[in-house]
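# Structure here, sequence nowhere to be found:
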């Protein structure tokens, strides 16, 4: 794939690719026994190491699509919806942690971490917007927020309170 203008790529021996796009740097790790990555003539070449196999081809394809996503430089976002019927849930972001208060009337708040440095979590009424430059970090943060509000010991047909994916 072609390296866009304003971007630079460095391939390290230990199995890491360092990208710098629009002043933001990213690092993506890979397994050097599975994938070869090299920069030649303004292009990044990702190919399976040695004899191709299904697993090596999958690893090379995944790494190249991750690099394409990072080259795009766009912000990725996930929208979450706060749903409650019994107790009003309040969500608060402090630094790199998200606190969910009064979930099912619990006294202690549930908390989870914001995964990554460039990920931003905003609460706007009954909606939570998780956004950032790295799609993996955005998805992991959104998944952590949804997971921490999963109802386990109660009948989920009655207690449908929680935070769910909207988009």
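That came through, no problem. Predicted model, so just to flag it, every value in this text is computed and none were measured. Numbering: from 1, shown residues only.
# Need the mean per-residue confidence for the longest strand out of those in the chain.
In the chain, taking DSSP state E as the definition, the longest strand is strand 76-83. Average pLDDT, strand 76-83: 92.
# name the helices or strands packed onto it?
For strand 76-83, the elements it packs on are strand 127-132, helix 135-148, strand 162-165, judged by 3 or more CB pairs under 8 Å, 6 or more residues apart in numbering; DSSP states H and E. Glycine gets a C-beta too; all of them are placed from N, C-alpha and C.
# Tabulate these (JSON lines), appending distance to residue 32 and mean pLDDT.
Output for the helices and strands packed on strand 76-83, formatted as JSON lines (distance: least, CB to CB, whole Å; pLDDT from 0 to 100):
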{"stretch": "strand 127-132", "distance to residue 32": "27", "mean pLDDT": "93"}
{"stretch": "helix 135-148", "distance to residue 32": "20", "mean pLDDT": "91"}
{"stretch": "strand 162-165", "distance to residue 32": "35", "mean pLDDT": "90"}
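# Nearest approach to residue 59 belongs to which of those?
Checking these against residue 59 by CB to CB gives helix 135-148 as the closest, at 15.2 Å.
# JSON lines please, covering the helices and strands packed on strand 76-83 and showing distance to residue 55 and mean neighbour count.
Converted to JSON lines, the helices and strands packed on strand 76-83 look like this (distance: least, CB to CB, whole Å; neighbours: other CB atoms under 10 Å):
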{"stretch": "strand 127-132", "distance to residue 55": "29", "mean neighbour count": "19"}
{"stretch": "helix 135-148", "distance to residue 55": "20", "mean neighbour count": "18"}
{"stretch": "strand 162-165", "distance to residue 55": "30", "mean neighbour count": "18"}
